[in-house]
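# here is my input; please provide its structure:
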Amino acid sequence: MGDMAHALNLSSFAYLAFPRSGLATPRLISTYPVEWTSHYLRSNYQEIDPVVLDALRNPEPFSWGVGAHSRAYTLLQQRLFDEASQHGLRLGFTVPIHDDRGAIAALTFATDQRVAAFERCVDTHSRVLQLTALYFHAHVRRTLFDGDEIGVVRLSRRELECLQWASQGKSAWEIGCILGISRNTVAYYIENAKEKLGVRTIAQAVTRLAAANKRKQN
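Here you go, the predicted model:
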């Protein structure tokens, strides 16, 4: 993806997977400067970013930045754009990715080049960029996000395994023997799962797991 963006004179890209719940955090894969992405996520900018907000509302690809359609921004949103520009992210083309429940991700190609060159690239290759975004999203979901969802919360593979064994009455020591990990590691995964699910006990987590499995079967 990075090589393709570079070949089209789009200096960088960012793939942002939106969480289904406030309990989760966004997943980001990008070639943006690390200091910018760290600052962006640490500041929870995805909650006020006009690009993200547009991607959540509208499934159609769109351009943004200098020379794009003008609109009124809040002071915080304008500061976000100013800070992004300082890191070479002045113009962008964003492809929202929606499913039957709404927006699930967005892939943005960004550049710091002048508007004319950027617009020519988008006009010429917009269809390629859209298809590439969809294929990249499918690849990411298939190969990197190896967890499963319970309701709207995504658990890692290990967290799910530990909960499944716990639902069968296995202790942390027994689960550790089955999975080849330590008892403390099992406890760590279970605590993470409980925090993501917003529950306090294993019994409550197992109840949510059973309810989710029942919904899937139906």
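# wait, a helix at Lys170?
No: assigned with DSSP: H, G, I helix; E, B strand; the rest coil, Lys170 falls outside any helix and is coil.
# look at it and report its pLDDT.
Lys170 is assigned a pLDDT of 87 by the prediction.
# for it, which residues are in contact?
Residues in contact with Lys170 (Cβ atoms under 8 Å, 6 or more residues apart in numbering) are Ile178. Just so you know, the C-beta spots here come from the backbone N, C-alpha and C atoms, and that holds for glycine as well.
# tell me the mean pLDDT for stretch 175-190?
88.
# give the buried residues for it.
Ile175, Gly176, Ile181, Thr185, Val186, Tyr188, Tyr189, Ile190 (16 or more other Cβ atoms under 10 Å).
# ditto for stretch 186-205
Across stretch 186-205, burial judged by 16+ other Cβ under 10 Å covers Val186, Tyr188, Tyr189, Ile190, Ala193, Lys194, Lys196, Leu197, Ile202, Ala205.
# my read: Phe109 touches Phe13, true?
Yes: in this structure Phe109 lies within contact range of Phe13 using Cβ atoms under 8 Å: 5.1 Å.
# need the residues touching each of the two.
Common contacts of Phe109 and Phe13 (Cβ under 8 Å, 6+ apart): Ala5.
# which positions in the helix or strand that Phe118 is a member of come out as buried?
Phe118 is part of helix 115-143, with elements assigned from DSSP states H and E. Neighbour-count burial for helix 115-143 flags Phe118, Cys121, Val122, His125, Leu129, Gln130, Thr132, Ala133, Phe136, His137, Val140 (criterion: 16+ other Cβ under 10 Å).
# cheers, nothing more for now.
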